[in-house]
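Enquirer: Sequence plus the predicted model coming up.
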Amino acid sequence: MRRGVVLSIILSAVATLFLSARGPADFAFPLQANSVRLAVIGDMGTAEQPQIDVARQMVKARAGFPFEFVITLGDNIYTGSLPSDFEKAFAVPYKPLLDAGVLFYATLGNHDKTNERFYKPFNMNGANYYAYKKGHVRFFALDSNYMDPKQTAWIETQLREAGNGGWKICYFHHPLYSSARFHGPDADLRKVLEPLFVKYGVDVVLSGHDHVYERVRPQQGIYYFIEGASGSLRVGNLAPSAITAKGFDTDRTFMMIEIAGDDMYFQTTSRTGVAVDSGVIHRTIRPVVAGAVHPPASYGAGVLF
Amino acid sequence: MITKRWLRCRVMSGLVGLAICIVPARMLAGQGAPASKEQADDAAAFKEFSARVQEYVKLQKTVESSLPALKPTDLPEMIAAHQQALARKIREARPHAKPGDIFTPAACEAFRHASRAALQGPQAADSRAYMDRDAPTPTMPLAVNGIYPDTEPITAPSPALLAAFPPLPVEVAYRIVGRTLIVVDVESRLIVDIARRVLPPA
């Protein structure tokens, strides 16, 4: 037991060393040719002024850091499912980005309507969960509202087939780790997903749901981020814990990421343009082990047919 | 003296003994034949439930085929119009739909048993947490053929519960409201059926 704790502390310390010690002030994206550049927003669809402020800050930031696409971590539209809701909570705030050809790749949160998957600007193509590739980075957008055996079988197949060739980034609404008071971690979901992420070498996991920003210390070699404050905010909701590497809960935020080779540069910016976190994650290749973690999708739990 | 034949006999009788012990244990654990009448009844009830869900989906697809197909669109008006038209036509196609049409009394019992089994032990708190946080108002009005309200968040059964329930076709999904389990039509957002007091009290 004690050996396990010591080992865990050492592993955590080693993993943390991979993060650059540079503070936000002297952080700069390398802007390398052929790098993958994106922004991350979550829990943003309030249609209120703070969301619009964050969107404006994203436009401003893009002048210096030309990200090509945005991933959303769910709760894209809180207000409803009327056409006017799509307008005021998405099309209007992000119009300058949409007009500039920036693509959005959405996931669904617990406040979203499932039919949002048919909204073309969300690039979900009618699917609740999907995968795509940008350069040497594979993205897996999951539906954490409905993690049934069918979806877990799908993600396992996707991750296995992705092999070891590049970065693997998963994103979805409910966080597996969180130090926020309101929701906290989704341990039930973690039991299903974490073994797959560890086994198939997922590098980074991004979630929302808790209306704060948190960078979690690497857990079993995986970097977890919560960005659930791009529109909604729960001021003072973060209770920094042993897993917290960095947190921010006093204003709205969004993230920017550049993946160049085996390095992922990230910066989290507040709606007033202040950099609240930044760093570099170096990817370490972990071998994919043969054999399935989950049995194929089927009826479960002792129910006989 | 230990002969090869004697050794072979000992090994064989050992294996047979082991098999006699293991096979019933696996059957009792639900890996083989039903271990009790309740399990057999639940299996039959779930089978009936799945068949009724399939019947609903068949009707839904027939109704939907009469509408312009919903494809990814830039126009949210198209999405809303499709949802509303589909809901209206499904209501017309099953005007007398009522609670229990899909969740038969036997199916409700089977879901109660499955929920109780999945929500006990040290893991239960995690499943509860998944379903309780930011959940829809437990007292929100629920009616078969009514629309799941826009203003309420959605909560599905936890992954552990979803693994214990019969899988659903993509056209429909389970939702949890308090202790009530409902099946919703994903595209029309109609409540297809309601089973009350399925989840054990917290």
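Expert: Yes, it's here.
Enquirer: so residue B:109 is in which element?
Expert: In this structure, residue B:109 sits in helix B:105-118 according to DSSP states H and E.
Enquirer: longest single helix anywhere in chain B?
Expert: The single longest helix within chain B, with elements called by DSSP state H, is helix B:37-65.
Enquirer: what's the angle from that one to helix B:105-118?
Expert: Taking axes from the mean of the first three to the mean of the last three C-alpha atoms, to 10 degrees, one finds helix B:37-65 and helix B:105-118 inclined to each other by 110 degrees.
Enquirer: What does residue A:77 show for phi and psi?
Expert: As for residue A:77, its main-chain torsions (degrees, to the nearest 10) stand at phi -140, psi 110.
Enquirer: Distance of it relative to residue A:200?
Expert: 32 Å (C-beta to C-beta, to the nearest Å). Heads up, the C-betas are built off the backbone N, CA and C, glycines and all.
Enquirer: for the spatially closest residue to residue B:114 that is not a sequence neighbour, phi and psi?
Expert: Nearest non-adjacent residue to residue B:114, counting by C-beta to C-beta, 6 or more residues apart in numbering or on different chains: residue B:164, 4.4 Å away. When read as degrees, to the nearest 10, the backbone of residue B:164 gives phi -90, psi -20.
Enquirer: Work out the gap between stretch A:149-163 and the centre of the chain.
Expert: Distance, stretch centre to chain centre, for stretch A:149-163: 18 Å (C-alpha atoms, centre = their mean, to the nearest Å).
Enquirer: what does stretch A:58-76 give?
Expert: Offset of stretch A:58-76 from its chain centre (C-alpha atoms, centre = their mean): 13 Å.
Enquirer: and whatever helix or strand comes next after the helix holding residue B:109 with chain A, contact?
Expert: Downstream of helix B:105-118, the next assigned helix or strand under DSSP H and E is helix B:124-132. Yes. Using C-beta under 8 Å from any C-beta of the partner chain, we find that helix B:124-132 touches chain A at B:126, B:127, B:129, B:130.
Enquirer: Tell me the one of these nearest residue A:148?
Expert: Nearest to residue A:148 among those is residue B:130, at 13.1 Å by C-beta to C-beta.
Enquirer: gap between that closest one and residue A:147?
Expert: Relative to residue A:147, residue B:130 is positioned 9 Å away (criterion: C-beta to C-beta).
Enquirer: intersection of neighbour lists for these two?
Expert: Contact criterion C-beta atoms under 8 Å, 6 or more residues apart in numbering or on different chains; residues shared by residue B:130 and residue A:147: A:189, B:159.
Enquirer: that older thread, I'd assumed residue B:116 was in contact with the residue nearest to residue B:114.
Expert: No. Applying C-beta atoms under 8 Å as the test, residue B:164 and residue B:116 come out as separate, 10.0 Å apart.
Enquirer: Look at those two and report which has more neighbours.
Expert: Taking other C-beta atoms under 10 Å in any protein chain shown, residue B:164 and residue B:116 do not tie; residue B:164 has more neighbours (23 against 14).
Enquirer: did I read that right, residue A:268 in a helix?
Expert: No. Per DSSP: H, G, I helix; E, B strand; the rest coil, residue A:268 lies outside any helix segment and is strand.
Enquirer: Can you get me a residue count around it?
Expert: Residue A:268 sits with 25 neighbouring residues when counted by other C-beta under 10 Å.
Enquirer: where does the chain have low pLDDT?
Expert: In the absence of a named chain, chain A is used. Applying pLDDT under 70 to chain A flags the ranges A:1-26, A:286-305.
Enquirer: actually it's chain B I care about, not the one you picked
Expert: For chain B, applying pLDDT under 70 flags the ranges B:1-35.
Enquirer: contacting residues for the residue nearest the centre of it?
Expert: Centroid check for chain B by C-alpha atoms, centre = their mean gives residue B:165 as the closest residue, at 3.6 Å. Residues counted as contacts of residue B:165 (C-beta under 8 Å, 6+ apart) are B:111, B:114, B:157, B:174.
Enquirer: Report the strands that pair with the helix or strand hosting the last one, each with its relative direction.
Expert: With elements delineated by DSSP H and E, residue B:174 resides in strand B:172-177, which encompasses its position. According to DSSP bridges, strand B:172-177 forms sheet pairs with strand B:180-185 (antiparallel).
Enquirer: Show me what the partner strand is in contact with.
Expert: Contacts for strand B:180-185 (C-beta under 8 Å, 6+ apart): B:53, B:60, B:86-87, B:90, B:102-103, B:111, B:115, B:138, B:142, B:148, B:157, B:168, B:171-176, B:190-199.
Enquirer: I'd like the distance between the residue nearest to residue A:173 when sequence neighbours are not counted and residue B:96.
Expert: Nearest residue to residue A:173 in three dimensions, chain neighbours excluded: residue A:74, at 3.3 Å (C-beta to C-beta, 6+ apart). Distance of residue A:74 to residue B:96, computed by C-beta to C-beta: 37 Å.
Enquirer: And for residue B:157, nearest residue in space, chain neighbours not counted?
Expert: Distances taken as C-beta to C-beta, 6+ apart put residue B:174 closest to residue B:157, at 5.3 Å, once the chain neighbours are dropped.
Enquirer: do residue B:192 as well
Expert: residue B:183 (4.5 Å).
Enquirer: gap between that neighbour and residue B:50?
Expert: 11 Å.
Enquirer: Looking only at neighbour counts, state which of those two leads.
Expert: Counted by other C-beta under 10 Å, residue B:183 and residue B:50 do not tie: residue B:183 has more neighbours, with 22 against 18.
Enquirer: how about the strands of the stretch 101-250 of chain A, start to end?
Expert: Here the stretch 101-250 of chain A has its strands, by DSSP state E, counting those that start in this stretch, at A:103-105, A:130-134, A:137-141, A:167-171, A:204-207, A:213-219, A:222-227, A:244-248.
Enquirer: What helices and strands are in contact with the last one?
Expert: If I follow you right, that is strand A:244-248. Secondary-structure packing of strand A:244-248 (3 or more C-beta pairs under 8 Å, 6 or more residues apart in numbering or on different chains; DSSP states H and E): strand A:213-219, strand A:275-282.
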